[in-house]
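Q: Predicted model and sequence below, questions to follow.
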Amino acid sequence: MGAPTAVVVDDVHKHFRLRHTHSLKESLVWLAQRRRLRDEFTALSGVGFEVSQGEAVALLGHNGSGKSTLLKLMAGVMAPDEGRVGVRGRVAGLLEVGAGLHPDLTGRENIFLNAAILGLEEDEIRARFDDIVAFADIGPFLDAQVRFYSSGMFLRLAFAVAVHTDPDVFLVDEILAVGDEPFRRKCLERIRLLSAQGRTLVIVSHDVDLVAGLCSRGIVLAGGRLVHDGAIDEAVTTLRASW
Ligand SMILES: Nc1ncnc2c1ncn2[C@@H]1O[C@H](COP(=O)(O)OP(=O)(O)OP(=O)(O)O)[C@@H](O)[C@H]1O
């Protein structure tokens with residue numbers, strides 16, 4: 001028998017409304033000109049696949065192909081308009097730099113808030129606090145409000161919390177790009193460790209060489225549709241053929 005299923009994406013559709021006007025006055029002008037106030041845009045159309053526990057999967061595709069939207073559906077921060085997304089176990093990850101961190105709170109306070117949101121009890125957070133701080137390595141900024149952080153510091157804190165929450169499914173969007181080289185190496189080592197421990201990974205990145213080193217499977221999206229799902233090398237070949 002194969003590994004149990006960790007993620008199910010079943011015939012998912014996601015549409016967005018694109019508003020063309022941002023004030024009543026502007027809307028009246030557009031209406032007088034008989035122009036449409038908004039258009040509907042399809043970001044994902046009929047996407048379906050399953051990810052087994054312990055698999056490391058890359059979501060690949062050109063800008064705007066729907067990768068981040070799909071990751072947000074898996075994280076549960078957005079719901080599909082049609083179809084179903086199911087994830088088994090604790091989900092953590094980094095969807096956008098700074099997401100989940102409150103700007104008015106200090107780094108220390110955000111560790112407690114963010115780890116609680118990701119499902120840890122207070123005593124679990126206290127037990128892991130020193131490890132989180134050591135991993136983030138942001139020095140005196142731990143007690144500064146997060147609004148004064150550089151984007152790399154945001155990443156350090158958010159990544160440190162996420163990897164210390166024992167995620168069953170770890171989702172990573174492009175954001176490692178803002179970390180400096182030593183921190184990026186540390187993150188990649190930690191992602192590899194999570195994978196070796198049998199955690200499920202879903203990674204969005206334009207850095208094809210990086211994902212090819214981390215993932216065994218690649219799913220290619222184009223215009224919101226799944227166009228390839230297979231071994232990472234084949235997925236990369238498919239993606240490069242479309243450049
Ligand atoms: N909240 C939103 N409202 C309107 N349109 C959106 C919203 N979120 C995403 N979109 C649109 O949906 C499409 C898919 O976006 P998404 O961010 O998923 O693409 P992506 O493949 O991650 O792109 P990139 O590689 O540029 O990060 C894009 O055209 C984007 O403009």
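A: Happy to help now that I have it.

Q: For the rest of this, base every contact and every neighbour count on C-alpha atoms.
A: Noted.

Q: Return the residues of the protein in contact with the ligand.
A: On the criterion C-alpha under 6 Å from any ligand atom, the ligand has as its neighbours in the chain the residues 16-18, 43, 61-69.

Q: now the residues you listed: which count as buried?
A: Neighbour counting by 16 or more other C-alpha atoms under 10 Å classes Ala43, Gly61, Ser65, Gly66, Lys67, Ser68, Thr69 among those as buried.

Q: Tell me the residue in the chain that is farthest from the middle.
A: Note on the chain: the largest C-alpha distance from the chain mean falls to Ala32, namely 41.5 Å (C-alpha atoms, centre = their mean).

Q: and Val85, how many neighbours?
A: Val85 has 21 neighbours, counted by other C-alpha atoms under 10 Å.

Q: check contacts around it.
A: Val7, Val8, Val9, Asp10, Val12, Leu73, Met74 (C-alpha atoms under 8 Å, 6 or more residues apart in numbering).

Q: Same question for Leu94.
A: Ala158, Phe159, Ala162, Leu171, Val172, Asp173, Ile175.

Q: separation between the residue nearest the centre of the chain and Asp123?
A: Taking C-alpha atoms, centre = their mean as the criterion, Leu95 is the residue nearest the geometric centre of the chain, at 3.2 Å. Using C-alpha to C-alpha, to the nearest Å, Leu95 is found at 26 Å from Asp123.

Q: What ranges in the protein fall below the confidence cut-off?
A: 1, 97-98, 175 (pLDDT under 70).

Q: secondary structure class for the closest residue to Gly107 other than its chain neighbours?
A: Nearest residue to Gly107 in three dimensions, chain neighbours excluded: Leu142, at 4.6 Å (C-alpha to C-alpha, 6 or more residues apart in numbering). Taking DSSP: H, G, I helix; E, B strand; the rest coil as the rule, one finds Leu142 in the helix state.

Q: Count the residues that sit near Leu142.
A: Residues near Leu142, counting by other C-alpha under 10 Å: 20.

Q: next one: Ser150
A: Neighbours of Ser150 using other C-alpha under 10 Å come to 11.

Q: that older thread, now, the most widely separated pair of the contacts of Val85?
A: Greatest spatial distance among those (C-alpha to C-alpha): Val7 and Val12, at 12.9 Å.

Q: can you give me the strands in this structure?
A: 5-19, 38-52, 56-60, 82-87, 91-94, 169-172, 200-204, 217-222, 225-231 (DSSP state E).

Q: one step back: mind giving me JSON lines with the contacts of Leu94 and columns for distance to Ala115 and neighbour count?
A: Formatted as JSON lines, the contacts of Leu94 follow (distance: C-alpha to C-alpha, whole Å; neighbours: other C-alpha atoms under 10 Å):
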{"residue": "Ala158", "distance to Ala115": "9", "neighbour count": "27"}
{"residue": "Phe159", "distance to Ala115": "11", "neighbour count": "24"}
{"residue": "Ala162", "distance to Ala115": "7", "neighbour count": "21"}
{"residue": "Leu171", "distance to Ala115": "15", "neighbour count": "22"}
{"residue": "Val172", "distance to Ala115": "17", "neighbour count": "21"}
{"residue": "Asp173", "distance to Ala115": "19", "neighbour count": "21"}
{"residue": "Ile175", "distance to Ala115": "19", "neighbour count": "18"}
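
Q: and which of those residues is nearest to Gly48?
A: Distances from Gly48 to the contacts of Leu94, taken by C-alpha to C-alpha, are shortest for Leu171, at 17.5 Å.

Q: That closest one and Ala92 touch, don't they?
A: Yes: applying C-alpha atoms under 8 Å, one finds Leu171 in contact with Ala92, separated by 6.3 Å.
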